[in-house]
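*Asks:* following is a predicted model, sequence given first.
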Amino acid sequence: MPGAFWIAHVTVTDNDAYARYVTIATEAIAAHGGVFQARGGRAVQMEGRAHPRNVVAHFPSVEAAVSCYESARYQEALGHAKGASERDLVIVEALD
């Protein structure tokens, strides 16, 4: 499964605003070929700082994931997440 993974670790502080982020971000991610592999669900923190919400999406390439993040639609979504969550996000190239 080549491509790239978008990995987000999130602590939500405003559920209503974050729900608006999720709705718009889901659309933006799908429009760029992103497919969710994990979205919330059970997690066991083994090292580092824990976040209650962990999300992994697979994209066709690093470029597609970066393009999604930089898109106007995702930036619109991100406006709802800022101030409504503490987030760490990384895009990682997948192995061939």
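*Replies:* Good, I have the coordinates.

*Asks:* all strands for this protein, in order.
*Replies:* Assigned by DSSP state E, the chain shows strands spanning 4-12, 35-39, 53-59, 85-93.

*Asks:* report the strands that pair with the shortest one, each with its relative direction.
*Replies:* Translated: strand 35-39. If you go by DSSP bridges, strand 35-39 pairs up with strand 53-59 (antiparallel).

*Asks:* just the angle between the strand it pairs with and strand 85-93, please?
*Replies:* Angle of strand 53-59 versus strand 85-93, following axes from the mean of the first three to the mean of the last three C-alpha atoms, to 10 degrees, is 30 degrees.

*Asks:* can I get strand 53-59 as PDB, trimmed to CA atoms?
*Replies:* These are the backbone C-alpha positions of strand 53-59, laid out as PDB (Å, rounded to 0.1, in the frame of the first residue of the first chain):
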ATOM      1  CA  ARG A  53      -8.700  10.900  19.600                       C
ATOM      2  CA  ASN A  54      -6.300   9.400  17.000                       C
ATOM      3  CA  VAL A  55      -7.000   9.600  13.300                       C
ATOM      4  CA  VAL A  56      -5.100   7.900  10.400                       C
ATOM      5  CA  ALA A  57      -6.000   8.500   6.700                       C
ATOM      6  CA  HIS A  58      -4.200   7.000   3.700                       C
ATOM      7  CA  PHE A  59      -3.600   9.200   0.700                       C
END
